[in-house]
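**Student:** Requesting a structural model of the entry that follows:
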Amino acid sequence: MTKTSKPAKQTILHLAVEQLHASERNVRKTPSSAASDAEVSASLLSVGLIQPMVVIDREGGGYEVIAGNRRRRLLTALAEADPSRKGMTFPCMKVGDLSKVTEISMAENRAREAMSLPDVYRGFAAIRAERPEATLEELGAMFGYDVARTARIMRIANLHPEIMDLYSAGEITDAQAMAYAATEDQSLQIAVYRQLEEQATYDHQKNASAIRKAMNSGDHELSKLIRYVGIEAYREAGGVFEADLFAKEGEGIVQNPDLLRNLAAQRMADDKDRFEHKIVRNGRVIGEKWGLADLQFSWAASPPQIKQYGYLSTDHELRIRLKLGDLPKNHAPTHAGVEDRLAAMLDEDGEVLPDLEEAYGKLSEVLAELNAMRPIILPKKGAVVGVASIDNDGAFDVALWFADRAAKGADVPKGATEQRGAKAELSPAEAERARFGLSKDNMQVMMLIRRDMIRAELIQSASAGSSLALDFMLFTQARTILMPTPGYGNTVYFHGEDQGINDLPHDEDGTSKIAELVKGRPERAAWLMTKEDMASATWRTAHDPIAGFTLFRQLSDLDKNKVAAMVAGHMLMATTSAYSEGRTPRMVCELANIIEGEPGFGRWRDAIDLDEAFFAKLSHKARLALLDSWGLADRAKGMKASETAAFCARIANCDEEDTKLLGLHSDDVAEAVNWLPDFMETGTIPPLPVKIEGPEAFNDSGDEDELPELDEAA
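**Tutor:** Sure, this is the predicted structure:
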């Protein structure tokens, strides 16, 4: 029978740091790093000592630490920094069997395996959940991390649960996890993951670079522009930017690229203007009598080109080295002083002296600003072009070139053809044709074939009971009708002209008498308010029509019905006009009857405001006749034209109290409060005339009868 060794006897003691001493028997000899010490110190301050130190008796008194010496050393340093901590005690495990000391020290040090990164991130997420009010500074202070590092940790801690599970299982790498953490939007994270899982064939198509590309994070061109414009300026203009904390500064997700490009174009125009006003030729600068044309300077989109032996390339011989003039006299002493101070900050090897890096950087910026004031000296003669660009770090840069070889006075080399400018860019249509290798006519044929295929698909989907075709009709009509178009000043118009429909503001808002009578009505105000609300909806304002249609199809049936009503309302405008003779079209009358029959609508009397302004649209004579029909002719005698409109409105809206006040008969009031104009009354719509065929179409004389004329109300 094998004899097993007994475990070493162990006792838990609570000891102060002054009782603890380093031990030569501790097997860990390699010193820890300063960064690691800072993390442990922060943890000791935040949550205290979690893992007890292992100790043995010391000959001179106290105890030797055979495992946990770093904890002892850091606790001692904390006690020296804060004397109030000297009286604190910490749990220690005392080993009685000295023959087991080395074995225990080895086992304790080897068993302390570092937590996996996913577990660390999940731990931070749990702390955030327990302490939602804690700032990044407070969270980082618990473990000795700075704010930037804590922000990166919390960004990964915010990964979508499904992606975090994959990270913990080792199915995605650290780099991939960081790429998904480029955004805090968990819905975007999981959408990109599923998209790549579905579409990717090879592993490299799902790597960190592919993830960021799918998220539109770190787009090279947009990153340059955001550094050039500045994140704060972009955000102040209403742009949304989410920084990628795991990439270079200035990289991230730009959600409003068009806005960013517009801001960059505006700033570049300003920078070009400042550059122009630094140009000097033969001692002369831009002024009231000396402009760019006199300097023979202009801006170009690209450097001059030269074609030689069939190859087109930049004509580098025309590049002009940028020559700077002297600073203005009032800035020259400052420039010399800054240069001297910078030189004094360098050692013999040209390196910045310790602790002066920050001051050196600030002075270097001052020197760069002073140098930017230097004039740009052009060659004495010859047309010059400037090509403006933005560097990767977001700096504005200008390269100067002679406009062509004639401007420099240089000969065209043998076999070369001078190109005075860059070849014009292809239009979108030309670029698409070039991509497919089709002529203009054949491209048109392909487009028509595709259109016919789509029409067939729409019919097929409609036959299968799908609302796709109806939704597409509503979306395209509403998108055009509600398309905002800037007008003069700050006004915005919403045209429907692409459908052959005149919008209300264009149809009836003018300077005519009819326009003035209509545009101030509450019915018009309600219509315009509804239209403007719908025009600001997400589906309408989506820049990409395809994305807009996708959002539109997700609308509720109620919202789609509102869109249908808006489209129908604009189509109804095509049947009416302020320039017609005022007769209500037959279609409008029929539609009015149908609407009044809808559940919950009631009578038209409830839908119109019979106020003084309404009755003012009737003539004074018509108002007197109306009051007579209400049995109030006597009351109306002697009234002026300016009084009858208000009286008609008061009677039409008379309540019981007002009836008693006016001393009116209840029958007269009942007639008035139920009155509607003839053109608003529900009535039978005359049928359309039909062509009479057969023997009845001829009279006895054998002459053919004429077709009946259209009814007046038709």
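
**Student:** Provide the count of other residues in contact range of R72.
**Tutor:** When neighbours are counted by other CB atoms under 10 Å, R72 registers 24. (C-beta placed from N, C-alpha, C; glycine too.)

**Student:** err, V385, not the other one
**Tutor:** 24.

**Student:** Over to the closest residue to it other than its chain neighbours: give its phi and psi.
**Tutor:** Of all residues not flanking V385 in the chain, A300 sits nearest, at 4.0 Å (CB to CB, 6 or more residues apart in numbering). A300 has phi and psi values of phi -130, psi 150 when expressed as degrees, to the nearest 10.

**Student:** ok, so what distance separates the nearest residue to D347 once chain neighbours are set aside from E242?
**Tutor:** Spatial nearest neighbour of D347, chain neighbours left out: L353 (5.8 Å); criterion: CB to CB, 6+ apart. Separation of L353 from E242 (CB to CB, to the nearest Å): 39 Å.

**Student:** So between the two, which is more surrounded?
**Tutor:** Legend: neighbour count by other CB under 10 Å for L353 and E242, higher for E242 (16 against 12).

**Student:** Nearest residue to the more buried one in space, ignoring adjacent ones along the chain?
**Tutor:** E242's closest residue in space is I253 (CB to CB, 6+ apart), at 4.5 Å.

**Student:** hey, which helix or strand in this protein has the poorest pLDDT?
**Tutor:** The weakest-scoring helix or strand in the chain, judged by mean pLDDT, DSSP states H and E, is helix 504-507 (a mean of 41).

**Student:** which regions of the stretch 501-650 of the chain lie under the pLDDT threshold?
**Tutor:** Scanning the stretch 501-650 of the chain with the threshold set as pLDDT under 70 gives 501-520, 573-586, 600-607.

**Student:** ok, now with 80
**Tutor:** 501-528, 531-532, 535-545, 569-609, 617 (pLDDT under 80).

**Student:** show me where pLDDT drops low in the stretch 151-300 of the chain?
**Tutor:** Residues of the stretch 151-300 of the chain meeting the criterion pLDDT under 80: 218, 248-250, 286-294.

**Student:** Do I have it right that A469 meets A462?
**Tutor:** Yes: using CB atoms under 8 Å, A469 makes contact with A462 at a distance of 4.8 Å.

**Student:** of those two, who's got more company?
**Tutor:** Using other CB under 10 Å as the criterion, A469 and A462 rank with A469 on top: 16 against 13.

**Student:** so what's the residue nearest to L662 when sequence neighbours are not counted scoring on pLDDT?
**Tutor:** Of all residues not flanking L662 in the chain, C654 sits nearest, at 7.3 Å (CB to CB, 6+ apart). For C654, the pLDDT comes out at 87.

**Student:** SS state for C654?
**Tutor:** Of the three states, C654 takes coil under DSSP: H, G, I helix; E, B strand; the rest coil.

**Student:** Begin at 753 from now on, thanks
**Tutor:** Sure, I'll start numbering at 753, so the last one becomes C1406.

**Student:** check contacts around it.
**Tutor:** Remark: with contacts taken as CB atoms under 8 Å, 6 or more residues apart in numbering, C1406 is in contact with 1414, 1416, 1421, 1424-1425.

**Student:** Now do the phi/psi pair for it.
**Tutor:** Backbone torsions of C1406, given as degrees, to the nearest 10, read phi -70, psi 130.

**Student:** separation between it and D1380?
**Tutor:** Taking CB to CB as the measure, C1406 falls 17 Å from D1380.

**Student:** I'd guessed A1385 sits against L1379; true?
**Tutor:** Yes: using CB under 8 Å, A1385 is in contact with L1379, at 6.2 Å.

**Student:** Give me the more crowded residue out of the two.
**Tutor:** Legend: neighbour count by other CB under 10 Å for A1385 and L1379, higher for L1379 (22 against 12).

**Student:** Return the set of residues that bridge with K846.
**Tutor:** Counting by DSSP bridges, K846 forms beta bridges with T763, V807.

**Student:** Please name the residues that touch it.
**Tutor:** K846 neighbours (CB under 8 Å, 6+ apart): 762-765, 807-809, 815.

**Student:** try 7 Å
**Tutor:** For K846, the contact set (CB atoms under 7 Å, 6 or more residues apart in numbering) comprises 762-763, 765, 807-808.

**Student:** Next: T1434.
**Tutor:** With CB under 7 Å, 6+ apart, T1434 has these contacts: 1345, 1348.

**Student:** Give me the distance between it and C1400.
**Tutor:** From T1434 over to C1400 the distance is 22 Å, taken as CB to CB.

**Student:** What of V1150?
**Tutor:** Taking CB to CB as the measure, V1150 and C1400 are separated by 75 Å.

**Student:** When these two are compared, which one has more neighbours?
**Tutor:** C1400 (27 against 15).

**Student:** Just the element for the more buried one, please.
**Tutor:** Following DSSP states H and E, the helix or strand that holds C1400 is helix 1393-1404.

**Student:** ditto for M1225
**Tutor:** Taking DSSP H and E as the definition, one finds M1225 inside helix 1220-1233.

**Student:** buried residues in that helix?
**Tutor:** Across helix 1220-1233, burial judged by 16 or more other CB atoms under 10 Å covers 1221, 1223-1224, 1226-1233.

**Student:** Just give me the closest of the residues you listed to R946.
**Tutor:** The nearest member of the buried residues of helix 1220-1233 to R946, counting by CB to CB, is D1223 at 25.4 Å.

**Student:** For the closest one, give me its contacts.
**Tutor:** Taking CB under 7 Å, 6+ apart, we find D1223 in contact with 1304-1305.

**Student:** mind checking how far it is from A1216?
**Tutor:** Distance of D1223 to A1216, given as CB to CB: 14 Å.

**Student:** just T854 next, same as before
**Tutor:** Separation of T854 from A1216 (CB to CB): 80 Å.

**Student:** between these two, which one's more packed in?
**Tutor:** Neighbour totals were compared for T854 and A1216, and T854 leads with 13 against 8 (other CB under 10 Å).

**Student:** Now that one: which helix or strand?
**Tutor:** helix 853-863.

**Student:** By neighbour count, sort out the buried ones in the contacts of K846.
**Tutor:** By neighbour count, with 16+ other CB under 10 Å, the contacts of K846 hold 807-808 as buried.

**Student:** ok so, going back, so the residue nearest to V1137 makes contact with V1139?
**Tutor:** Yes: with contact defined as CB atoms under 7 Å, A1052 counts as touching V1139 (5.5 Å).

**Student:** follow-up on the earlier one: the residue nearest to V1137: neighbour count?
**Tutor:** Neighbour count of A1052, defined by other CB under 10 Å: 17.

**Student:** Would you mind measuring from S1054 to N1014?
**Tutor:** In this view, S1054 and N1014 are 22 Å apart by CB to CB.

**Student:** circling back to that earlier point, what pLDDT does the model give the residue nearest to D1099?
**Tutor:** L1105 is assigned a predicted lDDT (pLDDT) of 86.

**Student:** residues contacting it?
**Tutor:** Counting by CB under 7 Å, 6+ apart, L1105 makes contact with 1097-1099.

**Student:** Throw these into JSON lines and include pLDDT, thanks.
**Tutor:** Formatted as JSON lines, the contacts of L1105 follow (pLDDT from 0 to 100):
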{"residue": "M1097", "pLDDT": "86"}
{"residue": "L1098", "pLDDT": "87"}
{"residue": "D1099", "pLDDT": "84"}
